[in-house]
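Enquirer: next one to model:
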Amino acid sequence: MFKKIDKVLAAFGSVKAMERLHVDTFTEEKMENVDGDKIAESKEGQIYVGVSDINGYLFLETILFSGINIKTFNGGTLSFIGGAKDFELKSDTQEIVAEFSTISNRFMSQVSFDISEEEIEKLRNGDFQQIRFSFKKKSITMNRITA
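Expert: Numbers count the residues shown, from 1 in each chain. The predicted structure follows:
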């Protein structure tokens with residue numbers, strides 16, 4: 001019933017009604033074809049990671065799916081908790097703006113982090129139990145996926 005009302009309002013030029021009716025297949029396609037490995041998830045979100053080497057500098061490329069709209073110009077931190085020794089990565093990306101998909105009703109954020117060989121080994125060995133992505137005064141906590 002609400003969709004019918006939105007269609008009528010959209011026909012009269014209501015921008016908000018047009019936004020509610022819009023189906024974002026572009027963002028949804030990007031969400032379905034994610035590069036990297038899913039290493040953690042919870043009800044709050046999921047995180048996929050991959051490592052890239054650019055001129056000898058290592059970066060952890062992450063894609064984070066969540067119900068939270070992540071928008072910051074101050075970057076964020078990724079904390080790996082519950083291993084032999086907890087460690088934290090600061091984002092190389094300072095401006096983080098999530099993309100929203102109207103189909104799956106979730107946000108997708110891409111964030112890059114500086115990482116060392118030692119920290120990559122900890123990730124490969126699964127030397128953590130939880131991952132927490134923090135930005136501003138918010139955080140998303142996810143549990144490690146065990147194979």
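Enquirer: count the residues that sit near residue 34.
Expert: 15 (other Cβ atoms under 10 Å). No exception for glycine: its C-beta is placed from N, CA and C like everyone else's.
Enquirer: for this protein, just list every one of the helices.
Expert: 2-11, 15-21, 25-32, 117-125 (DSSP state H).
Enquirer: confidence-wise, which of the ones you listed is weakest overall?
Expert: The minimum mean pLDDT among the helices of the chain belongs to helix 25-32 (a mean of 52).
Enquirer: any low-confidence regions in the protein?
Expert: The chain contains residues with pLDDT under 70 at 1-33, 102-103, 147.
Enquirer: if we go to 80?
Expert: By pLDDT under 80, the low-scoring segments of the chain are 1-35, 101-105, 146-147.
Enquirer: tell me the bridge partners for the closest residue to residue 131 other than its chain neighbours.
Expert: Nearest residue to residue 131, sequence neighbours excluded (Cβ to Cβ, 6 or more residues apart in numbering): residue 40, at 4.5 Å. On the basis of DSSP bridges, residue 40 is bridged to residue 47, residue 144.
Enquirer: give me the distance between residue 40 and residue 66.
Expert: Between residue 40 and residue 66 the computed distance is 12 Å (Cβ to Cβ, to the nearest Å).
Enquirer: how about residue 142?
Expert: For residue 142, the distance to residue 66 - Cβ to Cβ - is 9 Å.
Enquirer: list the contacts for the closest residue to residue 64 other than its chain neighbours?
Expert: Leaving out its chain neighbours, the residue that sits closest to residue 64 by Cβ to Cβ, 6+ apart is residue 109, at 4.6 Å. Residue 109 makes contacts with 63, 64, 66, 70, 96, 97, 98, 99, as judged by Cβ atoms under 8 Å, 6 or more residues apart in numbering.
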